[in-house]
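Trainee: Have a look; sequence and predicted model below, questions after that.
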Amino acid sequence: MTEQVTPPENNDGSPAQVAHGNPLGRLIARMSLTQLTLAVLTLVFLWQWFDAHQQIEQMQQQLAQRLSEMDGSSKASQALLAQNQEMVRELGGKLSVLESKFAEAQNQRAALEALYQEMSSSRDQTALAEVEQTLMIAEQQLQLAANVKAALIAMQHADSRLQHLDRPALAGLRKTIDHDIDKLRSLPNIDVAGINARLDGLVAAVSNLPLMQDIHPQEGARAPEPAADATAWQRFWRELWQDIRHLVRIENTEKQYMPLLSPTQSFFLRENLKIRLLSARLALLSRDEASFRRDVGTAQEWIQAYYDSRSKDTAQALAVLQKLASANVSIELPDISDSLEAVRNYRIAHEKGAR
């Protein structure tokens, strides 16, 4: 007896059942693998075509927008180009005006340069004339008044004036002037102002110097006062004795004789002494050393002979005169005519060259 095997039931939803129950499933089940592949490819192609079509539409829209923007930009560019062309025409007109003004400025510059050259030449001539005049004053101060300080200041001013011109051709002139300046600086220094002040002080003090005849005796010790109980006769005789003692005075003046002068003679003595001191002052300013020493010596002799040497003022005046008598007021003045001659020759040559 043969047993018949019955297959087990399939309850897990096999494809056969799905295909039998679902129409799409039945369709898929009936389609082969090739047909399924073609269907998938067709769907992918359709999807790509649809996506490309949308992208093309977007690109067309962007292109249209760009074209509209470019159209607006082109119009703006045309307007800007027209404006630039107008500006170029204006600038061309301005450039022609500037060229004419530049040519005019060039002509004015040439005229100004010529005028400057003429003024520079005239300024140099004026400066050289001033330097020549200054050096002439310096030589006059040195030779006529023997004023070394004034001559030195004048020559330094002339050198400074040449320095301000800043011309290399003037180096030789400045060298000559510097050489003469060194000559003046090497001279011994004479204190003319100090000596002059001392002489003025002596002239002012002459009127107050005591004469020998005007000496008054020094009062001795005063007599003792009379006692309170002294009688009238005792006081009388004491006062009489004091008066008798002052009637005669014996004093050693340490001189062989004492000159006695009347008031008129005393007046003329003081005035002549002042004249001597003023004459010494003039000799100082003119650098006449012989006359200066002679006047100072005469003033010393008169003060020693007629004035009270024991007085403090007289002793001080004699001490000042002693110092003045030993002072040097005369120096050998150098020749500074080389500077003046050099500047004069250069000025003449410069004027001839300018012509």
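Mentor: Nice, I can see it. Numbering: from 1, shown residues only.

Trainee: pLDDT weak spots in the stretch 101-250 of the chain?
Mentor: 114-122, 214-230, 245-250 (pLDDT under 70).

Trainee: Could I get the full set of strands for it?
Mentor: In order along the chain, the stretch 101-250 of the chain carries no strands (DSSP state E, counting those that start in this stretch).

Trainee: where do the helices sit along it?
Mentor: With DSSP state H, counting those that start in this stretch as the criterion, the stretch 101-250 of the chain has helices at 148-165, 171-185, 192-205, 232-245.

Trainee: now those in TSV, with mean neighbour count and distance to residue 288?
Mentor: Yep, even glycine has a C-beta here, placed from its N, CA and C like the rest. Shown next, in TSV, are the helices of the stretch 101-250 of the chain (neighbours: other C-beta atoms under 10 Å; distance: least, C-beta to C-beta, whole Å):
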stretch	mean neighbour count	distance to residue 288
helix 148-165	18	15
helix 171-185	16	20
helix 192-205	15	13
helix 232-245	11	55
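
Trainee: Nearest to residue 302, out of the ones you listed?
Mentor: Closest to residue 302 of these is helix 192-205 (C-beta to C-beta; 11.9 Å).

Trainee: Could you measure from the spatially most central residue of the chain over to residue 89?
Mentor: Central residue of the chain (C-alpha atoms, centre = their mean): residue 164, 14.5 Å from the mean position. Here residue 164 is placed at a distance of 54 Å from residue 89 (C-beta to C-beta, to the nearest Å).

Trainee: just checking, residue 328 is part of a helix?
Mentor: No: the assignment for residue 328 by DSSP: H, G, I helix; E, B strand; the rest coil gives coil, which leaves it out of any helix.

Trainee: quick one: contacts for the nearest residue to residue 323 once chain neighbours are set aside?
Mentor: Nearest residue to residue 323 in three dimensions, chain neighbours excluded: residue 198, at 7.7 Å (C-beta to C-beta, 6 or more residues apart in numbering). Residue 198 makes contacts with 320, 323-324, as judged by C-beta atoms under 8 Å, 6 or more residues apart in numbering.

Trainee: Including distance to residue 209, could these go into a markdown table?
Mentor: Putting the contacts of residue 198 into a markdown table (distance: C-beta to C-beta, whole Å) gives the following:
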| residue | distance to residue 209 |
| --- | --- |
| 320 | 12 |
| 323 | 17 |
| 324 | 16 |
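
Trainee: Quick one, which of those are buried?
Mentor: Among those, those buried by neighbour count (16 or more other C-beta atoms under 10 Å) are 320, 324.

Trainee: what's the closest of the contacts of residue 198 to residue 41?
Mentor: residue 323 (142.6 Å).

Trainee: and the closest one, what element?
Mentor: Using DSSP states H and E, residue 323 maps to helix 312-325.

Trainee: Run through who's touching the following helix or strand past that helix.
Mentor: Stepping forward along the backbone from helix 312-325, the first helix or strand reached (DSSP H and E) is helix 337-354. Contacts with helix 337-354, where a contact means C-beta under 8 Å, 6+ apart, come from 121, 124-125, 128-129, 131-132, 135-136, 139, 155, 158, 170, 172-173, 176-177, 179-180.

Trainee: Pull the number of nearby residues for residue 145.
Mentor: Residues near residue 145, counting by other C-beta atoms under 10 Å, number 13.

Trainee: Might one say that it is in contact with residue 285?
Mentor: Yes: counting by C-beta atoms under 8 Å, residue 145 sits close enough to residue 285 to count as a contact (7.1 Å).

Trainee: just to revisit the earlier point, can you list the residues that contact the helix holding residue 323?
Mentor: For helix 312-325, the external contacting residues (C-beta under 8 Å, 6+ apart) are 195, 198-199, 201-202, 205-206, 208-210, 280, 293, 296-297, 299-300, 303-304, 307-309.
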